[in-house]
Structure formats: structure tokens, C-alpha cells
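Novice: Kindly generate the corresponding structure for this input.
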Amino acid sequence: MKNINVSDQHLRVRTGVTSSRETRQGTSGFTLIEMIGILAVIAILAVALIPIFIKQMDQIAADKETRQLKAFADGLRQQIVKTKFIPDETSWDTMIASNVGLSIAQVRTNGRRVGRAFLIDPNFVLKRSGESPSKPPYSQNAGGSIIYPTSPRLMILSSLAQPLPVSNGVNTAFDAIWNSDEGKVPADSAWNSFQKGEDLKIQRIHLADLFVELDLNDRDGSGLGSYSIDGNSSSTLQFTRSWPVLFDRRKY
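Specialist: Below you'll find the model as predicted:
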């Protein structure tokens, strides 16, 4: 009987140890229901925050593109003054690239890999002496333009999402695009498929201030006047009209 009692006590002790281990294992870590709850909260937060994050990224891209287009416009104006040449749709990217230190591909395409567009006002006309009025490209000669430039306006367009519905060059909807409010789609049928006005970035470039009217005085009564620009060889003109020429005001 004594040996039996000892075995019974030993059995009770072992049973107690086993129960203690089972209790500790049952209370450690997360249950499956708790894990599902945590994942559900994370999913809800993600759904709420992702649109905000996307909007912030779009705003950063929009601000960057606005600054880039402004740099393009400044660089193009500087090159026009320097070279006395106004580009068309075949050479605008080369002129800008040479001034801002980017490749031609980087000028043609924005950071979202969407192609930019270079537009020319269809009313932009210049006329060199002895030639017919024409649109850009325009290379100034010694005589300049014998007519004051009409609507000397250019634009660079960029989209942060869908492709632009216009091609480079003269565009008949130029006024509608030029007059578009920030964040609005231009009021032209070609833009009906363009969904978000805030994705459109417009850089307007007006060249009127680069043309200065040259007036000569007939002091000796000869009816002729001579002048030179930037130290080049002098040219002689008859006193029949004023001649708008393109040059840097700071060098006049």
C-alpha cells in the first residue's frame, strides 16, 4: 500500500506539470481571429491613405513639370536672342536642349514618359525684305523683318497622364489652348477625350518683347540710313518705314 501511495502522488505531480505547460502554450502569441482583425485594420488604412499618397505624388510631379517648362521657355528665349533664330516644330527641342543642358529626348518627353508638344500660333508671321511673309522658322538677316510680327506666340504643352491630343507645329486651336484656365481642358473638340484638366501643363511663350522697332533719322537728306546689330557689318535702308529687328535689348 505504501508503494501505491507514492506512485499516486508522483502521478499527481506529473499531471500538474503537464497542465502548467499547456496553460502557458495556450496564452502565448496571437490567435487567428486577432491576426485577421489586424490585417483588416491595415487594409482599411491602406485604402484610405493610398489615394492621398497618389495625390501627393501627382502634385510633386506637377510642380516639377511646371518648373521644367518654365526653364525650357527661358532657355528658348535666350537662344532666340543669341542666335537670332526662331525655331519651328523640327528644331525647338534642339535649341532648348543646347541651352538647359539636357538631351533632346529629355526635352521631348517628360518625367512621366509622355511626349510634350510645341505649338506655333497660326497667325505668327514675319517677312524679310524681298521675301514673302512666312511663319517660323525665321532667321533674322541684316534687314530684320519689314513687318511687325503678328501674334509672335509659342507654347509648350505637357501631360502628366494620357497622351496629348495635338501634334507639334501650327495648331488651329492655339487661341483656345492659350486662353485655357489652369486645371481646365481647352474648349476645343480635339480635347474632348482628355479627361483631367489638372494633368495638362501649358507654358506660354510670347516673343513680342524681343522685337524692337528700329527708327533711323535722315539727317543728311539722302533718304538712306545705315545701322549694324551686335557689331556686324552695317546695312543701308531707305527711309520708307520702321523696321522691327530681333535683338537683345541689353546690347543695344
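Novice: remind me which residues of the stretch 1-150 of the chain are low pLDDT?
Specialist: Scanning the stretch 1-150 of the chain for pLDDT under 70 picks out the ranges 1-29, 53.
Novice: Confirm D74 sits in a strand?
Specialist: No - applying DSSP: H, G, I helix; E, B strand; the rest coil, one finds D74 to be helix, outside a strand.
Novice: Would you tell me what helix or strand A48 is located in?
Specialist: helix 32-83 (DSSP states H and E).
Novice: That helix - contacts with which helices or strands?
Specialist: If you count contacts as 3 or more CB pairs under 8 Å, 6 or more residues apart in numbering; DSSP states H and E, helix 32-83 packs onto helix 92-100, strand 153-159, strand 200-206. Quick note: C-beta positions are derived from backbone N, CA and C, even for glycine.
Novice: Flag every buried residue along stretch 70-82.
Specialist: 71-73, 75-77, 79-81 (16 or more other CB atoms under 10 Å).
Novice: Next, format those residues as JSON lines and append distance to A61.
Specialist: Formatted as JSON lines, those follow (distance: CB to CB, whole Å):
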{"residue": "A71", "distance to A61": "16"}
{"residue": "F72", "distance to A61": "16"}
{"residue": "A73", "distance to A61": "19"}
{"residue": "G75", "distance to A61": "21"}
{"residue": "L76", "distance to A61": "22"}
{"residue": "R77", "distance to A61": "25"}
{"residue": "Q79", "distance to A61": "26"}
{"residue": "I80", "distance to A61": "29"}
{"residue": "V81", "distance to A61": "31"}
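Novice: for those, which one is nearest P165?
Specialist: In terms of CB to CB, no member of the buried residues of stretch 70-82 lies closer to P165 than F72, at 20.6 Å.
Novice: Provide a list of residues in contact with that closest one.
Specialist: Residues near F72 by CB atoms under 8 Å, 6 or more residues apart in numbering: 96, 100, 107, 156, 203.
Novice: now swap in D58 and tell me
Specialist: L160.
Novice: again, 10 Å this time
Specialist: Applying CB atoms under 10 Å, 6 or more residues apart in numbering to D58 gives the contacts 112, 160-161, 196, 198-199.
Novice: Distance check, S91 against S134.
Specialist: 15 Å (CB to CB, to the nearest Å).
Novice: ok so, going back, so which of the contacts of D58 would you say is closest to T66?
Specialist: Of all these, L160 has the smallest distance to T66: 10.4 Å, by CB to CB.
Novice: How far away from the center of its chain is the helix holding A48?
Specialist: Distance, stretch centre to chain centre, for helix 32-83: 14 Å (CA atoms, centre = their mean, to the nearest Å).
Novice: now swap in stretch 100-113 and tell me
Specialist: Taking the mean of its C-alpha atoms, stretch 100-113 sits 10 Å from the chain's own mean (CA atoms, centre = their mean).
Novice: Identify all contacting residues around it.
Specialist: Here stretch 100-113 has contacts from 58, 61, 64-65, 68-69, 71-72, 74-76, 78-79, 92-99, 115-118, 156, 158-161, 168, 199, 201, using CB under 10 Å, 6+ apart.
Novice: Please, a PyMOL command that selects the buried ones among those residues?
Specialist: To isolate the buried members of these in PyMOL, using 16+ other CB under 10 Å:
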select buried, resi 58+61+65+68+69+71+72+75+76+79+92+93+95+96+97+99+116+117+118+156+158+159+160+168+199+201
